[in-house]
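Novice: Here's my sequence, what's the structure:
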Amino acid sequence: MTIVGLDDTDSRTRGMCTTYAAALLAARVREAGGSVSRRLLVRLNPAVEHKTRGNAALAVHCDLPADRTFALATDLVERLAERADERTNPGVVVTDDALGDDPEWVRSVSRRAVREYLDREAVRQSLDDGGYRHRGWGTGQGLVGATAAAGAWAGMGERAPPDWPTDWTYECITYRERDRWGTTRDVDRDAVFAVAEAFYPAIWDTVDRGEGDAVCVPNTPGPVLHGIRGDDAETVQEAARAIESETVERRALFVTNQGTDAHLGRAPPADVTDGRAYRLSGEVVGPPETREGGHVFVSLGFPEADRTESLPCVAFEPTKRFRERVRALRVGDRVTVCGEVSDGTLKLEKFAVRELRTTEPATPDCPDCGRSMESAGADAGYRCRDCGTSADGKVAVPVERELERGWYEVPPCARRHVAKPLVRGGFDAPTHPER
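Specialist: The predicted structure follows:
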């Protein structure tokens with residue numbers, strides 16, 4: 001089997017989509033007499049600054065000879081990639097299913113690219129040294145993603161480490177006719193919401209009911225009309241076909257690492273660094289604070305770890321109603337947080353309440369008259385001036401909490417592609433899914 005990896009053919013401003021390039025490449029393989037066993041859509045590290053919106057790399061697995069597949073892929077990139085944008089720097093890598101002369105390196109790139117930042121020149125040098133067929137355009141940044149996509153099926157699946165999330169999900173992407181790219185999409189909104197309801201929870205992140213958004217329909221000027229994500233290949237295809245819309249050019253099914261939390265690493269709190277995403281457990285050490293722009297910040301401490309300073313966590317304004325969950329936290333709550341770290345701050349994607357503080361210290365009331373006592377002086381406790389009664393110090397009083405134990409998440413309109421929706425299950429506490 002031949003594997004071709006593709007990356008970075010699209011542009012933030014000019015459009016295109018590397019999934020479309022992969023869909024066309026699969027079609028050209030078939031036209032050349034080959035067969036395609038799968039198309040992979042691999043979401044890489046969402047913290048990489050130079051990414052386009054989704055930071056996706058693609059792979060096509062087929063049975064054409066490697067040299068023929070390489071020629072088809074490079075010709076396609078030459079024709080389709082938005083290379084007029086200086087930030088678009090495509091890459092193509094072709095190998096076999098044994099992953100060439102250094103298979104462990106290729107498999108490791110597939111995993112590291114989801115959680116780390118890899119140096120493109122180091123990757124290019126390793127490709128040269130290993131004799132891999134490859135080509136980069138511009139800076140060749142896309143060679144990193146192309147290599148990661150080529151090794152993903154093995155590196156994130158059957159040959160993944162024991163702690164790697166190896167569950168694959170699916171997306172059926174529907175594409176527009178070429179002359180409609182850049183125009184307003186004609187998709188029946190009611191049909192999208194009806195499909196989302198009918199197929200939930202087998203498909204997810206199709207709509208955001210709270211915000212009234214059809215999140216499966218993008219706003220970019222590229223070729224994608226809509227994308228339906230879910231746990232089952234047949235279901236996502238059936239759901240995609242059920243949506244009424246403008247004329248469709250083609251549809252393509254992708255196997256993906258979307259919705260898996262594959263980007264989340266674990267590290268001692270003292271080792272947390274920018275440019276990576278983590279799952280961390282700690283204690284709320286400061287009350288939530290709403291700052292300019294509607295962003296909500298809360299600080300997390302690690303009393304049982306070797307990190308002395310607290311870690312700021314933030315729910316940005318686009319996370320909408322999720323911010324109310326963060327505002328409901330109190331000092332002393334124990335939580336697990338998930339998200340990318342940038343500029344020393346963790347951008348919250350979800351959090352789990354482990355323990356809630358259910359009492360707080362309060363000035364005692366007089367047992368005789370019921371009035372609030374007053375301070376009797378430094379370290380002298382409290383007393384009632386009318387009755388003469390006294391108390392040694394503050395008392396614990398119950399606090400009503402809006403939160404419950406379990407996991408809370410950002411709504412679908414704010415979810416990262418690789419982040420795992422709570423509805424998919426497999427979490428270590430009760431869940432409170434957003435729809």
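Novice: Return the residues in contact with residue 374.
Specialist: 363, 382, 383, 384, 385 (C-beta atoms under 8 Å, 6 or more residues apart in numbering). The C-beta positions use only the backbone N, C-alpha and C, and glycine is treated the same way.
Novice: so what's the second one closest to, chain neighbours aside?
Specialist: Read it as residue 382. Counting by C-beta to C-beta, 6 or more residues apart in numbering, residue 382 lies nearest to residue 373, which is 3.8 Å off, once chain neighbours are set aside.
Novice: if we can go back for a sec, I'd like to know which of the contacts of residue 374 is nearest to residue 369.
Specialist: Set against residue 369, the nearest of these by C-beta to C-beta is residue 384 (6.5 Å).
Novice: sorry, back to before: let me have the contacts of residue 374 in CSV, adding distance to residue 283 and pLDDT as columns.
Specialist: Below are the contacts of residue 374 laid out as CSV (distance: C-beta to C-beta, whole Å; pLDDT from 0 to 100):
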residue, distance to residue 283, pLDDT
363, 25, 89
382, 28, 91
383, 34, 90
384, 35, 89
385, 38, 86
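Novice: Can you add secondary structure and distance to residue 280 and give those residues back as a markdown table?
Specialist: Formatted as a markdown table, the contacts of residue 374 follow (DSSP: H, G, I helix; E, B strand; the rest coil; distance: C-beta to C-beta, whole Å):
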| residue | secondary structure | distance to residue 280 |
| --- | --- | --- |
| 363 | coil | 35 |
| 382 | strand | 39 |
| 383 | strand | 45 |
| 384 | coil | 46 |
| 385 | coil | 48 |
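Novice: Show me which of the residues you listed are buried.
Specialist: 382, 383, 384 (16 or more other C-beta atoms under 10 Å).
Novice: can you pull the contacts of the second one?
Specialist: Contact criterion C-beta under 8 Å, 6+ apart gives 373, 374, 376, 389, 390, 391 as the residues in contact with residue 383.
Novice: Now do residue 13, the pLDDT please.
Specialist: With respect to pLDDT, residue 13 scores 67.
Novice: typo on my end, it should be residue 53
Specialist: Note on residue 53: pLDDT of 61.
Novice: shaky segments in this structure?
Specialist: Filtered on pLDDT under 70, the chain yields the residue ranges 13, 50-53.
Novice: Buried ones in the longest strand along it, by neighbour count?
Specialist: If you go by DSSP state E, the chain has its longest strand at strand 345-355. Neighbour-count burial for strand 345-355, counted by 16+ other C-beta under 10 Å, picks out 345, 346, 347, 348, 349, 350, 351, 352, 353, 354.
Novice: Got phi/psi on the residue nearest to residue 382?
Specialist: Main-chain dihedrals, residue 373, degrees, to the nearest 10: phi -70, psi 170.
Novice: list the contacts for it?
Specialist: 363, 364, 365, 366, 382, 383, 384, 389, 390, 391.
Novice: Could you count how many residues lie near the nearest residue to the first one once chain neighbours are set aside?
Specialist: Here the nearest residue to residue 363 in space, its sequence neighbours aside, is residue 372; by C-beta to C-beta, 6+ apart that works out to 5.4 Å. Residue 372 has 12 neighbours, counted by other C-beta atoms under 10 Å.
Novice: how about residue 372, phi and psi?
Specialist: phi -70, psi 130.
Novice: any idea whether residue 153 is helix, strand or coil?
Specialist: helix (DSSP: H, G, I helix; E, B strand; the rest coil).
Novice: Going along the chain, name the helices of this protein.
Specialist: 18-31, 66-80, 103-115, 120-129, 142-153, 189-199, 233-241, 322-327 (DSSP state H).
Novice: got TSV for the ones you listed, with mean neighbour count and distance to residue 419 too?
Specialist: What follows is the helices of the chain, written out as TSV (neighbours: other C-beta atoms under 10 Å; distance: least, C-beta to C-beta, whole Å):
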stretch	mean neighbour count	distance to residue 419
helix 18-31	21	19
helix 66-80	18	29
helix 103-115	22	12
helix 120-129	16	26
helix 142-153	31	18
helix 189-199	17	18
helix 233-241	19	18
helix 322-327	20	12
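Novice: residue contacts, the closest residue to residue 32 other than its chain neighbours?
Specialist: Closest residue to residue 32 apart from its sequence neighbours, by C-beta to C-beta, 6+ apart: residue 64 at 6.1 Å. Neighbouring residues of residue 64 by C-beta under 8 Å, 6+ apart: 2, 29, 32, 33, 34, 72.
Novice: Distance to residue 222 for those - can I get that in CSV?
Specialist: Conversion of the contacts of residue 64 to CSV gives the following (distance: C-beta to C-beta, whole Å):
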residue, distance to residue 222
2, 27
29, 22
32, 26
33, 30
34, 26
72, 21
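Novice: so which two of those residues are the farthest from each other?
Specialist: 2 and 33 (13.2 Å).
Novice: Comparing the two, which residue is more hemmed in?
Specialist: Neighbour count, other C-beta under 10 Å: between residue 2 and residue 33, residue 2 has more, with 21 against 9.
Novice: hang on, isn't that one packed against residue 72?
Specialist: No. With contacts counted by C-beta atoms under 8 Å, residue 2 stays clear of residue 72, the gap being 10.4 Å.
Novice: so residue 285 touches residue 310, yeah?
Specialist: Yes. At 5.2 Å, residue 285 and residue 310 qualify as touching, with contact defined as C-beta under 8 Å.
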